[in-house]
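Undergrad: below is the sequence, then the predicted model.
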Amino acid sequence: MTGTRVLVLNSGSSSVKYQLLDMSDSSRLAQGLVERIGEQTSRLKHTPLATAESRERSGPIHDHDAALKAVAEELAQDGLGLDSPELAAIGHRVVHGGKHFTEPTVIDDAVLAEIERLIPVAPLHNPANLTGIRTARALRPDLPQVAVFDTAFHTTMPESAARYAIDVKTADEHRIRRYGFHGTSHAYVSRATAGLLGRAPEEVNVIVLHLGNGASASAVRGGKCVDTSMGLTPLEGLVMGTRSGDTDPAVIFHLARVGGMSIDEIDTLLNKKSGLIGLCGDNDMREIRRRVDEGDEQAKLAFDIYIHRLKKYIGAYYAVLGRVDAVVFTAGVGENAAPVRAAAVAGLETLGLAVDDELNAVRGDEPRLISPAGARVKVAVVPTDEELEIATQTYALVERNGYAAPPQGN
Ligand code: ADP
């Protein structure tokens, strides 16, 4: 069996996002989303890319097993059934791979057990990812399933960047270190940026700014990550849609001791009610820009704080890398918000950084340069494609290792 299709699954606690790709030409065959699994109001939206006409189902989908079966039915309706010999593998996005999963990995019982062991450092994500994997393995036990970890690209960070300056024994006992996330995106975008520059990834140093609802920056030297802004969890670093990013850790003690808040309340505050939404009540950059343009002071302050933090990370990673060939913007905000890109590099001309206003205003889905012609450091927009990267890594591994699934225990 040597099919060329890969199903990519991104399983959340109450949702499953999926894409079916054909790796003979990296084309997308279908994509979709199951939401509100376990509720009465579940919804499945499925789009076969041949017609691009979406179909929707609503009504209760009780669990991930039912969700995946519903996805399989939709795919079968398009002649893309999961029982097809064309399907070579299933690639799973797994958020936390800890220190040891440095590469995509064929899932066997031992790998499952290790992902489970990492639950204490990824309590929100890994259990949902595991459920998705178990369900898919039960559905097609004969098929190789591959875990692609959000943390893997960052495992090349040197200890000087990966360690917090806290007591070593305590840190090691609790596996506290900087893992970083969005690694699949940083890997894809840094490599695509080298391609845009017409150079090999090994030759270029890139600062990647992944600005979505979650946001992270990374410093990539010769194709390898040497620093990234997210840490033990995705809370550290840039100002995000709903996360604070960097704060003095003593804010937490203060909120507990003086504010009387519980640890769970503080967790919710910093992860869900801070960042842009906490600063101005909106986390959508389009809405924030609209308000700024109307003279809204609160939105302006939120935007300025967002940009100030971004600029600090550009400067920090410039210093970490020493030589920078490109600064690249990606994800929802990075790909679409020209004012964010312009403001982030404004005033950095002495570092060789500038954007050309006309190029910056161009919209499009293709990787593109937005720095002035002849600029020493290129500024680029490179749309991210995490699903394609997961499928590419999954397929490469299956081609290398063979198309058979490892045996499953109980
Ligand atoms: P995530 O994958 O983290 O949920 P995305 O990468 O899809 O997020 O980014 C979503 C964010 O992108 C939205 O919250 C919004 O702030 C921003 N965004 C999307 N489209 C635009 C646009 N046209 N202009 C400005 N910001 C945009």
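TA: That came in fine, so what should we check first?
Undergrad: CA atoms for contacts and neighbours, from now on please.
TA: Fine.
Undergrad: relative to residue 67, how far out is residue 405?
TA: Noted for residue 405: a distance of 23 Å to residue 67, by C-alpha to C-alpha, to the nearest Å.
Undergrad: which of these two has more neighbours?
TA: The neighbour count for residue 405 versus residue 67, taken as other C-alpha atoms under 10 Å, is higher for residue 67 (26 against 20).
Undergrad: got the contact list for the more buried one?
TA: With contacts defined as C-alpha atoms under 8 Å, 6 or more residues apart in numbering, the neighbours of residue 67 are 16, 34, 37, 61.
Undergrad: mind listing the residues bridging to the first one?
TA: Residue 16 has these beta-bridge partners by DSSP bridges: residue 11, residue 34.
Undergrad: distance check, it against residue 309.
TA: As judged by C-alpha to C-alpha, residue 16 and residue 309 stand 32 Å apart.
Undergrad: between the contacts of residue 67, which sits nearest the ligand?
TA: Nearest to the ligand among the contacts of residue 67 is residue 16, at 13.7 Å by C-alpha to the nearest ligand atom.
Undergrad: just the strands in the stretch 1-150 of the chain please.
TA: Taking DSSP state E, counting those that start in this stretch, the strands of the stretch 1-150 of the chain run over residues 5-11, 16-22, 27-35, 43-48, 55-58, 87-94, 105-106, 145-149.
Undergrad: with mean neighbour count, mean pLDDT and distance to the ligand added, can I get those in JSON lines?
TA: Formatted as JSON lines, the entries for the strands of the stretch 1-150 of the chain read as follows, by neighbours: other C-alpha atoms under 10 Å; pLDDT from 0 to 100; distance: least, C-alpha to the nearest ligand atom, whole Å:
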{"stretch": "strand 5-11", "mean neighbour count": "26", "mean pLDDT": "95", "distance to the ligand": "12"}
{"stretch": "strand 16-22", "mean neighbour count": "23", "mean pLDDT": "96", "distance to the ligand": "11"}
{"stretch": "strand 27-35", "mean neighbour count": "21", "mean pLDDT": "96", "distance to the ligand": "13"}
{"stretch": "strand 43-48", "mean neighbour count": "21", "mean pLDDT": "96", "distance to the ligand": "17"}
{"stretch": "strand 55-58", "mean neighbour count": "13", "mean pLDDT": "94", "distance to the ligand": "21"}
{"stretch": "strand 87-94", "mean neighbour count": "28", "mean pLDDT": "96", "distance to the ligand": "13"}
{"stretch": "strand 105-106", "mean neighbour count": "20", "mean pLDDT": "95", "distance to the ligand": "23"}
{"stretch": "strand 145-149", "mean neighbour count": "28", "mean pLDDT": "96", "distance to the ligand": "16"}
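Undergrad: which one of those strands lies closest to residue 401?
TA: Of all these, the one in closest proximity to residue 401, counting by C-alpha to C-alpha, is strand 105-106 (8.7 Å).
Undergrad: starting at the chain centroid, how far to the closest one?
TA: When distances are taken as C-alpha atoms, centre = their mean, to the nearest Å, strand 105-106 is centred 19 Å away from the chain's centroid.
Undergrad: can you check stretch 388-396 too?
TA: Between the centre of stretch 388-396 and the centre of its host chain there is 15 Å, according to C-alpha atoms, centre = their mean.
Undergrad: give me the buried positions along that stretch.
TA: When neighbours are counted by 16 or more other C-alpha atoms under 10 Å, the buried residues of stretch 388-396 are found to be 388, 389, 390, 391, 392, 393, 394, 395.
Undergrad: how about those residues in a markdown table, adding pLDDT and secondary structure?
TA: Listed next are the buried residues of stretch 388-396 as a markdown table, based on pLDDT from 0 to 100; DSSP: H, G, I helix; E, B strand; the rest coil:
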| residue | pLDDT | secondary structure |
| --- | --- | --- |
| 388 | 96 | helix |
| 389 | 95 | helix |
| 390 | 97 | helix |
| 391 | 97 | helix |
| 392 | 96 | helix |
| 393 | 96 | helix |
| 394 | 97 | helix |
| 395 | 96 | helix |
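Undergrad: restrict the residues you listed to contacts with the ligand.
TA: With C-alpha under 6 Å from any ligand atom as the criterion, no member of those is in contact with the ligand.
Undergrad: show me which residues of the chain sit near the ligand.
TA: Remark: the part of the chain in contact with the ligand comprises 212, 213, 214, 283, 284, 285, 286, 331, 332, 333, 336, 337, using C-alpha under 6 Å from any ligand atom.
Undergrad: 5 Å instead, please
TA: Counting by C-alpha under 5 Å from any ligand atom, the chain comes close to the ligand at 212, 213, 214, 284, 285, 286, 331, 332, 333, 336, 337.
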